[in-house]
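**Q** coords please:
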Amino acid sequence: MDGAGDASFFRMKSHVLALALLVGCVETPVATTTTTGGVSNDPNSLAPSLTTPESPPIVVLADDAAARIASIRCSMEYSCGNVGGSGSFATFDACIAEVRAANQRQLAAEACPKGVDPYALDRCADDERLRACGMTPGSCTASRLCRR
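**A** Below is the predicted model of the structure:
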């Protein structure tokens with residue numbers, strides 16, 4: 001296409017996109033789905049487990065949970081400027097080591113004898129990714145993460 005043809009094409013494309021967005025804004029009835037039953041081995045879990053009543057519940061080991069939380073938290077600390085220089089952690093590896101050790105202590109077998117609830121760990125991970133700098137999500141405490 002030549003220069004004039006390109007401009008015309010992109011203008012038409014933007015008009016089509018605008019029309020599509022307007023059409024998408026019209027309220028249309030939506031069907032709702034309800035849950036009629038499911039398996040839950042732990043009534044305190046944030047979501048039903050994907051097991052049958054005869055099988056053991058899905059549990060995450062404390063070391064694995066600590067490593068996952070440390071990776072996500074240190075990525076956030078790095079993006080907030082708290083790693084290196086005058087930050088809270090000298091290096092990214094130092095952050096990982098310190099945060100992982102703290103979480104391993106918090107989720108140790110004595111404190112969390114039934115292991116970590118995988119759904120609670122997912123919520124903690126999501127909250128860590130979405131948190132503001134300087135904040136620590138309450139969903140990442142042992143009382144929230146430990147399977148009851």
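**Q** look up how far residue 70 lies from residue 89.
**A** 11 Å (Cβ to Cβ, to the nearest Å). In short, each C-beta sits where N, CA and C put it, glycine included.
**Q** please identify which of those two sits among more neighbours.
**A** Legend: neighbour count by other Cβ atoms under 10 Å for residue 89 and residue 70, higher for residue 70 (21 against 18).
**Q** quick one: the more buried one and residue 106 touch, right?
**A** No. Judged on Cβ atoms under 8 Å, residue 70 makes no contact with residue 106 at a distance of 11.5 Å.
**Q** list residues touching both of residue 89 and residue 70?
**A** residue 95 (Cβ atoms under 8 Å, 6 or more residues apart in numbering).
**Q** which stretches of the protein form helices?
**A** Secondary structure of the chain (DSSP state H): helices at 3-24, 62-79, 92-106, 118-130, 142-145.
**Q** quickly, which of the ones you listed bottoms out on average pLDDT?
**A** Among these, helix 3-24 carries the lowest mean pLDDT, at a mean of 50.
**Q** can I get stretch 93-110 in CSV? Just the C-alpha atoms.
**A** Output of stretch 93-110 as CSV, limited to C-alpha atoms (Å, rounded to 0.1, in the frame of the first residue of the first chain):
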residue,chain,number,x,y,z
ASP,A,93,20.2,-14.2,46.3
ALA,A,94,20.4,-12.8,49.9
CYS,A,95,16.7,-11.9,49.7
ILE,A,96,15.8,-15.4,48.6
ALA,A,97,17.9,-17.0,51.3
GLU,A,98,16.5,-14.7,54.1
VAL,A,99,12.8,-14.8,53.0
ARG,A,100,12.9,-18.5,52.4
ALA,A,101,14.4,-19.2,55.8
ALA,A,102,11.8,-17.1,57.5
ASN,A,103,9.0,-18.9,55.7
GLN,A,104,10.5,-22.3,56.5
ARG,A,105,10.5,-21.4,60.2
GLN,A,106,6.9,-20.1,59.9
LEU,A,107,5.7,-23.2,58.1
ALA,A,108,7.7,-25.8,60.0
ALA,A,109,6.1,-29.1,60.9
GLU,A,110,5.6,-28.0,64.5
